[in-house]
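Visitor: Show me how the following folds:
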Amino acid sequence: MRTKQPVVKRMLCGVALTIAAFCTAQTKEALGQSAGSGAPPPADYATFTKGLTPQHGLFTLWRKDGKVYIEVSKAQLDSDFIQTAVPGNGLGGFAVSPGLPYLQFPSARIVRFSRAENKVVVTWPNTSFIATPDTPAARAVATSFAPSVIATAPIVAQDASGRLVFDASYLLGDVLDLSDALRFIFDTDKKPGSGYRLDDSRSYFGQSKAFPENVIIEADQTFVSANPPDLFDNVVDARAIQIDVKYNIAQAPSLGSYMPRLADDRVGYYPNIQLQFDADNVRERNVREIVRWNIARHPMVYYISNTVPVEYRQTIRDALLTWNQAFAAIGYPTAVIVKDQPDDPAWDPDDIRYNTVHWLTLAYNGGYAQAGLVWDPRTGEMIHTSIVVDADLMRFGNLEGIYYADPVRTLTGASGFAASEAAYAADAKTSAAFGLSALWASD
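Guide: Numbers count the residues shown, from 1 in each chain. From the prediction side, this is the model:
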């Protein structure tokens, strides 16, 4: 036994050294991953794209194995683009409607793509707090207000020119924050188990489109609830709802090409509000700029969608063109132009160059029309607008009688922009019904 102890010790020491070496190697590998990008080296661009069909536009899009990839040039890195996100379908009137803006997402955000080793960092930079560039105030703002990093996406391919391709699968996450929107819409806190969550296993990419000034990536996302809200009873199987989210990334206007105009409280405009930190001897830091179309650069051209009933198209055209009377007074008699959607398969309402008028058919809470504005949050310059008109708006005007009146309503409990807008539309509809009934009664 004594003669065997040194051998056993040597064996044990050898095992210990082997384990230590293995653990050290694993630790180094783990440290290397945490200190580095954590993503494998990008493949050769030509190898990755071989046999694939590109979608050329503002960005080139690639599709492979059920995924969507975005290609960016070296010049597009660290540049400002405008991103929007809207539902592509709806819930029949339960707050979520096709193209509805402002649902848990502002009209537009600035988005940037930056490189960090073998990943692309997707950032929403701060645009609400401003100062003149390259000044002490600007440096103070930059360090005081953090940007939002939405994702880090692996770079899957690159070439010698600096062109790179990265995985856009982060868009399959709940970037639009629909889970929280559905929680608010249906007040699911009052019913245990009725809250919705994103089901990754039933979410996937829908269509992707590339145009000269924007790209569209659709995420078909399924939200599930173990105990759906009661208002869905007998309407739809609401245990699993698929909402198509359209992510739109567009070219941002060049800074300096547009002169912002300060808003005036005496005139009703959508304001673009920022806090200005250039000076301290001011009563308030708020800078309220008008959200407006740059008529000096180009007219506002509307296309009446082929979803609009034929009998209403001329009325919509006349209503839009009426605005030219106001613009003519300042030298722009054709500021607004109205066209029909062309019978051309190449024409697409998702192309941000086209402003459109759409028609909605809702089963509940309808009877409204709304403009979805997209503007540059840095300046207030409007770059796109779409108008949605709900069929119930016309149906109500054709009703022969209204048998209820509830003119006294308030916005109590309406929290948030979308909710207050919905409450306002409901009040307006009720008030109009009361007025119409009163007129008929006095005839």
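Visitor: CA only for contacts and neighbour counts going forward, please
Guide: Noted.
Visitor: helix/strand/coil for the nearest residue in space to Thr132 that is not next to it in sequence?
Guide: Using C-alpha to C-alpha, 6 or more residues apart in numbering and skipping residues adjacent in sequence, the residue nearest Thr132 is Ala138, 6.0 Å away. Of the three states, Ala138 takes helix according to DSSP: H, G, I helix; E, B strand; the rest coil.
Visitor: when you give positions from now on, start the count at 52
Guide: Yep, numbering from 52; the last one is Ala189 now.
Visitor: Isn't Ala189 up against Ala182?
Guide: Yes - between Ala189 and Ala182 there is a contact at 4.8 Å, judged by C-alpha atoms under 8 Å.
Visitor: okay, and the common contacts of these two?
Guide: Phe328, Asp329 (C-alpha atoms under 8 Å, 6 or more residues apart in numbering).
Visitor: Tell me who's in contact with Phe274.
Guide: By C-alpha under 8 Å, 6+ apart, the contact set of Phe274 is Ser230, Tyr247, Arg248, Leu249, Asp250, Ala291, Ile292, Gln293, Ile294.
Visitor: out of those, who's nearest Asn278?
Guide: Minimum distance to Asn278 across these is 9.1 Å, recorded for Tyr247 (C-alpha to C-alpha).
Visitor: what about the residue nearest to the closest one when sequence neighbours are not counted, neighbour count?
Guide: Leaving out its chain neighbours, the residue that sits closest to Tyr247 by C-alpha to C-alpha, 6+ apart is Ser276, at 4.7 Å. Applying other C-alpha atoms under 10 Å, we find 18 residues neighbouring Ser276.
Visitor: want to throw the contacts of Phe274 into JSON lines with pLDDT?
Guide: Putting the contacts of Phe274 into JSON lines (pLDDT from 0 to 100) gives the following:
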{"residue": "Ser230", "pLDDT": "88"}
{"residue": "Tyr247", "pLDDT": "90"}
{"residue": "Arg248", "pLDDT": "93"}
{"residue": "Leu249", "pLDDT": "94"}
{"residue": "Asp250", "pLDDT": "94"}
{"residue": "Ala291", "pLDDT": "88"}
{"residue": "Ile292", "pLDDT": "88"}
{"residue": "Gln293", "pLDDT": "91"}
{"residue": "Ile294", "pLDDT": "90"}
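Visitor: Most neighbours among those residues, which one?
Guide: In the contacts of Phe274, the most neighbours by other C-alpha under 10 Å go to Tyr247, 26 neighbours.
Visitor: Might one say that that one is in contact with Ala232?
Guide: No - the criterion here is C-alpha under 8 Å, and Tyr247 misses it with Ala232 at 9.5 Å.
Visitor: which residues does the residue lying closest to Val226 once chain neighbours are set aside contact?
Guide: Spatial nearest neighbour of Val226, excluding adjacent residues (C-alpha to C-alpha, 6+ apart): Ile201 at 7.8 Å. When contacts are counted by C-alpha under 8 Å, 6+ apart, Ile201 touches Val172, Val173, Thr174, Trp175, Val226.
Visitor: same thing with Ile434?
Guide: Shown in contact with Ile434 (C-alpha under 8 Å, 6+ apart): Trp344, Val425, Trp426, Asp427.
Visitor: Please name the bridge partners of the nearest residue to the third one once chain neighbours are set aside.
Guide: Translated: Trp426. Closest residue to Trp426 apart from its sequence neighbours, by C-alpha to C-alpha, 6+ apart: Met433 at 4.0 Å. Legend: beta-bridge partners of Met433 under DSSP bridges are Trp344, Trp426.
Visitor: Contact partners for Met433?
Guide: Met433 neighbours (C-alpha under 8 Å, 6+ apart): Val342, Arg343, Trp344, Asn345, Leu424, Val425, Trp426, Asp427.
Visitor: Turn those into CSV, columns for neighbour count.
Guide: CSV is the format used below for the contacts of Met433 (neighbours: other C-alpha atoms under 10 Å):
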residue, neighbour count
Val342, 25
Arg343, 19
Trp344, 19
Asn345, 17
Leu424, 20
Val425, 23
Trp426, 25
Asp427, 23
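Visitor: Sort those by pLDDT and name the bottom one.
Guide: Of all the contacts of Met433, Leu424 has the smallest pLDDT value, namely 86.
Visitor: Helix, strand or coil: sort out that residue for me.
Guide: strand.
Visitor: Give me the phi and psi for the closest residue to it other than its chain neighbours.
Guide: Excluding the flanking residues, the one nearest Leu424 by C-alpha to C-alpha, 6+ apart is Thr436, at 4.6 Å. Backbone torsions of Thr436, given as degrees, to the nearest 10, read phi -150, psi 150.
Visitor: ok now do Thr436, which residues does it touch?
Guide: Residues near Thr436 by C-alpha under 8 Å, 6+ apart: Asn406, Thr407, Ala422, Gly423, Leu424, Val425.
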